[in-house]
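Student: how would this look folded up:
(chains A, B, C and D)
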Number of protein chains: 2
Amino acid sequence: MNVTPGRGPLYRQIREWIVARIVHGDWRPGDILPSEINLAAGFGVSQGTVRKAVDALVAENLVIRHQGKGTYVAVHTPHRELFHFFHVLGRDGAKPQPTTSQLISCRQRRAEKEDLGCLHLRPNARVVDIFRVRNLRDRPVILERVIVPSKLFQGLAESGDVPNELYQLFEKTYGVTIHKVVEEISAELATVETARYLDIKPGAPILAIERRAETLGGMPVEFRRSLCDSRDYIYSNEIV
Amino acid sequence: MNVTPGRGPLYRQIREWIVARIVHGDWRPGDILPSEINLAAGFGVSQGTVRKAVDALVAENLVIRHQGKGTYVAVHTPHRELFHFFHVLGRDGAKPQPTTSQLISCRQRRAEKEDLGCLHLRPNARVVDIFRVRNLRDRPVILERVIVPSKLFQGLAESGDVPNELYQLFEKTYGVTIHKVVEEISAELATVETARYLDIKPGAPILAIERRAETLGGMPVEFRRSLCDSRDYIYSNEIV
DNA sequence: GAGTGGTCTAGACCACAGA
DNA sequence: CTGTGGTCTAGACCACTCT
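Tutor: Numbers count the residues shown, from 1 in each chain, chains lettered A, B, ... in the order given. Prediction:
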């Protein structure tokens, strides 16, 4: 264990060293980290210094501590995907619900200009294009298109395995962990096609949610455009 | 300085004791806290324990540390209001802009049923009702109604002093610090009235942003409904 | 009992601000 | 120069998990 010499406080260097190992895939979600004492010995520092580094990682949801057991790289639970990344709620304040979905299409195609920019792809790169309707409480609410690079998700288009919670699939099957998403919400009018899928009238107001998701290393891996029937559902955001 | 005995770790008790002083108004935004050494002496603990308590407060944006000077209760800068609480951005990715606004009306009235629920008021309580258009880049973009309890903001309706950044006014003049906001975003169609104010067509898609804001102590103090022309602007949200 | 994380201490030294 | 926060150490003891 060696740390870049002289750049900032030790605890920060150690934090970054650990992050690098996770980004690089040496430690994968669910793996246990070396104990604080072992890390400290490895770096030749005191346990308190390692502790401060790990404190930061815990605050960032990168690792989880279990007293008496150890420290683990965080995994994408359904709970996290639903409560942390999914912000569509019932107007009545109902908690987010697990969704079901009907797959409309899932195919591989050449990336278009818009995809290239979002996903930082080279021209002629291929993407997987998932198109589906998501149901909340047994009614169609969200018409959604998900674009991911084929290169990272080999066989996804052919497998036909498209669960509702995609991020767990990404993590478990393809080793891609979503760490940060940026969403842009705007208002639009339902097109005839959208209206048909969502069982609403053309011209009805629609929440359009565009999401760009990236991994811990900052690599963009998903572009998603969700059209949400806004009659009974809203987008919720809490700022502290 | 006395701390509730026996309830949880010391650093947590100390953190809560400090929070209580801020909530109670003993320490107001901009005030300096006692030094860590003095706090430690007052509580009869080591400096490290106080430090851990203050670490938590820093992470929550409640206080700010300045090396060599001291630790201060956080203040609402224009920067914070604009970059932390205001999530409307240009479609082109432009940073948030300071807004100008035209006041349409600012009056006191009896709280309606909806206001009572949001603001936890008693029947017959009075509220200040601010109605205005906010401009971004010299064009009307947001039609906004802000409701606050008259009791907390004595003289606001009469003063006619309604700056664009309200939260600094709330803090400086009325001693009310906004700490947390919850926003619900939905899509609507512009009414004739809305369309006139925003210089758009009736029936155009509109982002409706409903905000409930509360103080550090959890007291709701503002209800705000903003109707945003969604042609050139979007609501942006980053989730990590 | 051995090993883990969780809390707390007492003290050292550094970096920075201000008189 | 003094006082502040910022980093780091070495060690103590506790709470918890697992064997």
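Student: OK, contacts around the residue nearest to A:Asn135 when sequence neighbours are not counted?
Tutor: Nearest residue to A:Asn135, sequence neighbours excluded (Cβ to Cβ, 6 or more residues apart in numbering or on different chains): A:Thr100, at 4.8 Å. C-beta here means a position set from N, CA and C on the backbone, and glycine is covered the same way. Shown in contact with A:Thr100 (Cβ atoms under 8 Å, 6 or more residues apart in numbering or on different chains): A:Arg134, A:Asn135, A:Asp138, A:Asn164.
Student: among these, which one has the most neighbours?
Tutor: With neighbours taken as other Cβ atoms under 10 Å in any protein chain shown, the top of the contacts of A:Thr100 is A:Arg134, carrying 18 neighbours.
Student: which residues touch that one?
Tutor: Per Cβ under 8 Å, 6+ apart, neighbours of A:Arg134: A:Thr99, A:Thr100, A:Ser101, A:Pro140, A:Val141, A:Ile142, A:Leu143, A:Glu144, A:Asn164, A:Ser226.
Student: of all these, which two lie farthest apart?
Tutor: Distance extremes for these: the farthest pair is A:Thr100 and A:Ser226 at 15.3 Å, using Cβ to Cβ.
Student: ok, whichever strand or helix holds A:Ile14 near DNA strand D or not?
Tutor: Per DSSP states H and E: A:Ile14 is located in helix A:10-24. Yes. Helix A:10-24 reaches DNA strand D (Cβ under 7 Å from any atom of the strand) through A:Leu10, A:Tyr11, A:Arg12.
Student: quick one: buried ones out of the residues you listed?
Tutor: For the residues of helix A:10-24 next to DNA strand D, a burial check counting by 16 or more other Cβ atoms under 10 Å in any protein chain shown picks out A:Leu10, A:Tyr11.
Student: just the residues of helix A:10-24 next to DNA strand D now: which is nearest DNA strand D?
Tutor: Distance to DNA strand D, by Cβ to the nearest atom of the strand, is smallest for A:Leu10 among these, at 3.1 Å.
Student: from B:His66, how far off is the residue nearest in space to the middle of chain A?
Tutor: Geometric centre of chain A, nearest residue: A:Ile178, 3.3 Å, by Cα atoms, centre = their mean. A:Ile178 is 36 Å from B:His66, where distance means Cβ to Cβ, to the nearest Å.
Student: got the buried residues for the helix-or-strand element of chain A with minimal mean pLDDT?
Tutor: None of the helices or strands of chain A scores lower by mean pLDDT, DSSP states H and E than helix A:78-80, at a mean of 87. By 16+ other Cβ under 10 Å, the buried positions in helix A:78-80 come out as A:Arg80.
Student: re earlier: ok, the residue nearest to A:Asn135 to DNA strand C distance?
Tutor: Relative to DNA strand C, A:Thr100 is positioned 37 Å away (Cβ to the nearest atom of the strand, to the nearest Å).
Student: and what of A:Glu238?
Tutor: Distance check for A:Glu238 against DNA strand C: by Cβ to the nearest atom of the strand, it reads 25 Å.
Student: just the helices in chain A please.
Tutor: A:10-24, A:36-43, A:47-59, A:78-80, A:113-119, A:156-159, A:166-174, A:192-198 (DSSP state H).
Student: good, we can wrap up now.
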